[in-house]
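Visitor: here you go, sequence then predicted model.
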Amino acid sequence: MLKTWFAIPLWQRVIGALVLGIIVGFAWGPGAESIKIIGDVFIAFIKMLVVPLIFFSLVAGVAAIGDLRKLGNVGWRALLLFVVTGQIAVWLGLGLGTVFQPGIGLDTSAIEMGPVPDPAPTTWREMVLGMVPQSPVQVMADVNVLPLIIFSLLIGIGILMAKEDGAPAQRIFDSGAVVMQKVTIVVMELTPFGVFALMAWVAGTLGVPALLALGQLVALVYGGCLLLILLMYAGIVKFLARLPVVDFFRGIVDAMAVAYSTASSNATLPVTMRCVERNLGVSRSVTSFTTSLGATINMDGTAMYLGLATLFGAQIFGVDLSTGDYVTIAVLATVGSIGAAGIPGAGLIMMAAIFTAVEVPLETIAFVAGVDRIMDMMRTATNVTGDATVATTVGVMTGEIDTAEMVSADDV
Ligand code: ASP
């Protein structure tokens, strides 16, 4: 029985749970609230991961920049492309959420609210002081994300400055990041149960309008990811790398397919490397450096999703966001996508971190968790395409590509 259960790929179990949850929710009505506790347990486990995952992955990510120096030209070009594409992605998510307003008009009064996150500081003095991690332990205990991020960045910088003396610390954080990824994979095994309960609750208490709102969110995430792939990445390949776009996509289609089905940039990494090196002709050193750093810190699909999902949460619960909040979301979505590990559900974990900062009710997580996997697949395919785009473009810029190796449309 257990064997059969685990023999089914997780994503299929999750989709099955989603459909079953909706059916049970409709049949049961508001009574389905009684099984929401299963979903709450799932979300509590997700929240458990926020602090250690951000701390270890962000420190490890910053410390990994040390290798950039060794790679000189390649490193800085890759980093610049990661940053620019990431910013375009975040603001695209915020733009889509503002224009299409997927969460507006949904009556969520039937949802029993848990404690509202603490009000954000109002004066700029409080804001600045609030970002300083005065007591790192307190910051972690309060799951206070902004100061936690600053603390993690500082530790990463300290490791870089300590050079050889910092190497053992770097190894501890590298290994901690891997351990936390494994813990996340274990927690993600709870997803089918959480999704089942949460979808039954959403469908039972809020009915069809809730499903329509979620449907709009999913459609927007797919639309946004397609825009990133077909406009941004294709544009970079055509105008910056000056390579044939169709051949590029033909070369990485395997990686995109594996990313879509596994929802994990890390699990896809060997395929991404193989596609970029063998099919696109990028040198081994540029490929391995850029794609592995990219799988850790370059997640444009995730960045876009985090911006969009935060606006969705604000819309369904009627939270007014100021211009300052938009900037906070953009900053946190950027750092969140850097801190997110390349594993299934990482975006969902980062969402918990952003919501607290802009006072969007954490119930939003329960609301979207049911459909997260479907969106995770698409944003992972986008993330991996982004890594391949940057690797190829940097390969061209530094002359580390042999275009004769590129699989052309005529070879296939
Ligand atoms: N699953 C994504 C990835 O591996 C991260 C996320 O959850 O957005 O790239």
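Guide: In hand now; what should we look at?
Visitor: residue 373: neighbouring residues, count only.
Guide: Using other Cβ atoms under 10 Å, residue 373 has 24 neighbouring residues. Just so you know, the C-beta spots here come from the backbone N, C-alpha and C atoms, and that holds for glycine as well.
Visitor: do residue 37 as well
Guide: Neighbours around residue 37, by other Cβ under 10 Å: 11.
Visitor: is stretch 93-107 positioned near the ligand?
Guide: No - applying Cβ under 6 Å from any ligand atom, one finds stretch 93-107 out of contact with the ligand, separated by at least 11.9 Å.
Visitor: so, low pLDDT: which residues of the stretch 301-412 of the chain?
Guide: 405-412 (pLDDT under 70).
Visitor: would you pull up the residue in it closest to the ligand?
Guide: In the stretch 301-412 of the chain, the residue that lies nearest the ligand is residue 347 (3.0 Å; Cβ to the nearest ligand atom).
Visitor: helix or strand for the nearest residue to that residue once chain neighbours are set aside, which one?
Guide: Leaving out its chain neighbours, the residue that sits closest to residue 347 by Cβ to Cβ, 6 or more residues apart in numbering is residue 302, at 4.6 Å. Residue 302 belongs to helix 300-316 when assigned by DSSP states H and E.
Visitor: same question, residue 168
Guide: helix 167-188.
Visitor: mind giving me the packing neighbours of that helix?
Guide: helix 36-64, helix 145-161 (3 or more Cβ pairs under 8 Å, 6 or more residues apart in numbering; DSSP states H and E).
Visitor: contact distance from the ligand - what residues of the protein qualify?
Guide: 263-265, 299, 302, 340, 342-347, 376, 379-380, 383.
Visitor: which of these lies closest to residue 126?
Guide: Distance to residue 126 across the residues of the chain next to the ligand (Cβ to Cβ) is lowest for residue 340, with 28.2 Å.
Visitor: pretty sure the closest one sits against residue 348.
Guide: No - Residue 340 is not in contact with residue 348 according to Cβ atoms under 8 Å; the separation is 9.4 Å.
Visitor: how about the nearest residue to residue 402, chain neighbours excluded?
Guide: For residue 402, the spatially nearest residue (Cβ to Cβ, 6+ apart) is residue 281, at 4.1 Å.
Visitor: longest helix in this protein, please.
Guide: Counting residues, the longest helix found in the chain (DSSP state H) is helix 363-397.
Visitor: how about the helices in the stretch 151-300 of the chain?
Guide: Here the stretch 151-300 of the chain has its helices, by DSSP state H, counting those that start in this stretch, at 167-188, 191-206, 208-227, 234-235, 245-262, 265-274, 284-297, 300-316.
Visitor: just checking, what packs against the fourth one?
Guide: Applying 3+ Cβ pairs under 8 Å, 6+ apart, we find helix 234-235 packed against helix 245-262.
Visitor: flag every buried residue along the helix it packs on.
Guide: Using 16 or more other Cβ atoms under 10 Å as the test for burial, helix 245-262 gives 247-252, 255-256, 258-262.
Visitor: helices and strands around it, which ones?
Guide: Where contact means 3+ Cβ pairs under 8 Å, 6+ apart, helix 245-262 is packed against helix 234-235, helix 265-274, helix 363-397.
Visitor: apart from its neighbours in sequence, what residue is nearest residue 89?
Guide: In space, residue 89 is closest to residue 300, 3.8 Å off (Cβ to Cβ, 6+ apart).
Visitor: quick one: contacts for that neighbour?
Guide: Contact analysis of residue 300 by Cβ atoms under 8 Å, 6 or more residues apart in numbering lists 85-86, 88-89, 228, 232, 337, 382-383, 386.
Visitor: what's the most buried one of the helices and strands packed on helix 245-262?
Guide: Of all the helices and strands packed on helix 245-262, helix 363-397 carries the top mean neighbour count, a mean of 26, counting by mean count of other Cβ atoms under 10 Å.
Visitor: just the angle between that one and helix 191-206, please?
Guide: 130 degrees (axes from the mean of the first three to the mean of the last three Cα atoms, to 10 degrees).
Visitor: now the strand or helix carrying residue 127: mean pLDDT?
Guide: Using DSSP H and E, residue 127 sits in helix 124-131. Average pLDDT, helix 124-131: 77.
Visitor: one step back: looking at residue 340 and residue 348 now, which is surrounded by more residues?
Guide: residue 340 (30 against 25).
Visitor: ok, the residue nearest to residue 89 to residue 255 distance?
Guide: Look at residue 300 and residue 255: by Cβ to Cβ, to the nearest Å, they are 15 Å apart.
Visitor: same check on residue 266?
Guide: Note on residue 266: its distance to residue 255, by Cβ to Cβ, is 12 Å.
Visitor: next one: residue 381
Guide: Taking Cβ to Cβ, one finds residue 381 at 9 Å from residue 255.
Visitor: which residues do these two both contact?
Guide: The overlap between the contact sets of residue 381 and residue 255 (Cβ under 8 Å, 6+ apart) is empty.
Visitor: ok, residue 188 touching residue 345?
Guide: Yes - using Cβ under 8 Å, residue 188 makes contact with residue 345 at a distance of 5.0 Å.
Visitor: out of the helices and strands packed on helix 245-262, flag the one nearest residue 156.
Guide: In terms of Cβ to Cβ, the element of those nearest to residue 156 is helix 265-274, at 19.5 Å.
Visitor: what packs against the closest one?
Guide: Counting contacts by 3+ Cβ pairs under 8 Å, 6+ apart, helix 265-274 is packed against helix 245-262, helix 284-297, helix 363-397.
Visitor: the residue nearest to residue 303 when sequence neighbours are not counted: which element?
Guide: Closest residue in space to residue 303, ignoring its immediate chain neighbours: residue 337 at 3.8 Å, by Cβ to Cβ, 6+ apart. Using DSSP H and E, residue 337 falls within helix 323-339.
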